[in-house]
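>>> take a look and give me a structure for this.
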Amino acid sequence: MADSEHLSLIHQSVDAWNEWRQTLRIKPDLSGADLSGRDLHIADLIKARLIEANLSKTNLSGAYLRDADLSEADLRGAELNDVDGGWSIFIKANLHQATLVRAQFIQANFSWANLREADLTDANLSWADLNAASCIGALLSGSDLSRSKLQNSNLNLADLSDANLIEANLSNAQLVGADLEDANLSRANLTGVCFTEACLVGAKLSGADLSGCSFRNADLRNADLNGTRLDHVVLDGANLQGVILPDSALASSRS
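I've put the predicted structure just below:
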């Protein structure tokens, strides 16, 4: 439950809230607060507790959310665009190590976001835009990233085990050392992805486009590559135990 004093302050004005935060550096508690439809543009929400908060249709453009806890928060329909350029709050906001467990971010714009080491376990990011986002070491286990845009994103060392990436666009993404065990990447666009030393044990890649991918030293044991496109794929040192790779596909790859 939200702290009554903190809730009263956030309802006054963003200027009053930010001034209070500058004079008293505590972790504000807005857990479960109904902030739907509020204007929180450039609000200082660093380390704020926003667990289960209702932020639907809230204007959060330019908000500061580093280390904030938005677990199970509802941000559906929230205004994520900066007023003067159409940029998302998550471009300017620093969400390094933020907690976003089971949060709802359907169609959210995270392009160019700093989500390094953020915890997005079981979050709903379907149709989200994470183009060129920095997600190094992020926890995305069990998250729904179906049909999301992850092209040019940096997911090195990220945990994507059991994640739903059906029909996601990860073209030219970096997934060095990432954990994709049992992840579902069916029909995903994976052209030019770097999977060097990644774990893809039991991953579902059926129907995906893997053209130009590097699986150097990757673990692909028991992965499902049925119907995949494997033009110019690098497989040096990859563990292919239990993987069915058609001769026609291997003929066009290079190892």
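>>> any chance you could list what contacts stretch 151-159?
Residues outside stretch 151-159 that contact it (C-beta atoms under 8 Å, 6 or more residues apart in numbering) are 130-141, 169-179, 189. Placement of C-beta: from N, CA and C, glycine included.
>>> from the chain's centre, how far out does it sit?
Centroid separation for stretch 151-159 versus its chain: 9 Å, with C-alpha atoms, centre = their mean, to the nearest Å.
>>> for it, measure first residue to last.
17 Å (C-alpha to C-alpha, to the nearest Å).
>>> what does the average pLDDT come to for it?
For stretch 151-159, the mean per-residue pLDDT is 97.
>>> low-confidence ranges in the stretch 1-150 of the chain?
For the stretch 1-150 of the chain, the stretches flagged by pLDDT under 70 are 80-94.
>>> any chance you could map the helices in it?
Here the stretch 1-150 of the chain has its helices, by DSSP state H, counting those that start in this stretch, at 4-12, 14-23, 89-92.
>>> just these: most buried one?
helix 89-92 (a mean of 23; mean count of other C-beta atoms under 10 Å).
>>> what about the helices in the stretch 151-255 of the chain?
247-251.
>>> quick one on the thing from earlier: narrow the contacts of stretch 151-159 to just the buried residues.
Among those, those that count as buried by neighbour count (16 or more other C-beta atoms under 10 Å) are 130-141, 169-179, 189.
>>> one step back: as CSV, the helices of the stretch 1-150 of the chain with distance to Ser126 would be great.
Converted to CSV, the helices of the stretch 1-150 of the chain look like this (distance: least, C-beta to C-beta, whole Å):
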stretch, distance to Ser126
helix 4-12, 29
helix 14-23, 30
helix 89-92, 16
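>>> between those helices, which one is nearest to Asp44?
With distances scored as C-beta to C-beta, the stretch of these nearest to Asp44 is helix 14-23 (4.6 Å).
>>> now do that closest one: which elements does it pack against?
Counting contacts by 3 or more C-beta pairs under 8 Å, 6 or more residues apart in numbering; DSSP states H and E, helix 14-23 packs against helix 4-12.
>>> could you give the angle of the helix it packs on to helix 14-23?
140 degrees (axes from the mean of the first three to the mean of the last three C-alpha atoms, to 10 degrees).
>>> next, give phi and psi for Val101.
Backbone torsions for Val101, taken as degrees, to the nearest 10, come to phi -60, psi 130.
>>> check contacts around the nearest residue to it once chain neighbours are set aside.
Of all residues not flanking Val101 in the chain, Ser71 sits nearest, at 4.2 Å (C-beta to C-beta, 6 or more residues apart in numbering). The contact partners of Ser71, taken as C-beta under 8 Å, 6+ apart, are 51-52, 99-103.
>>> likewise for Ser126?
106-107, 144-148, 164.
>>> among those, which pair sits farthest apart?
Gln107 and Asn164 (15.5 Å).
>>> with neighbour numbers in mind, choose between those two.
Asn164 (22 against 14; other C-beta atoms under 10 Å).
>>> what pLDDT does that one get?
98.
>>> that one against Arg147, yeah?
No: the criterion here is C-beta atoms under 8 Å, and Asn164 misses it with Arg147 at 9.6 Å.
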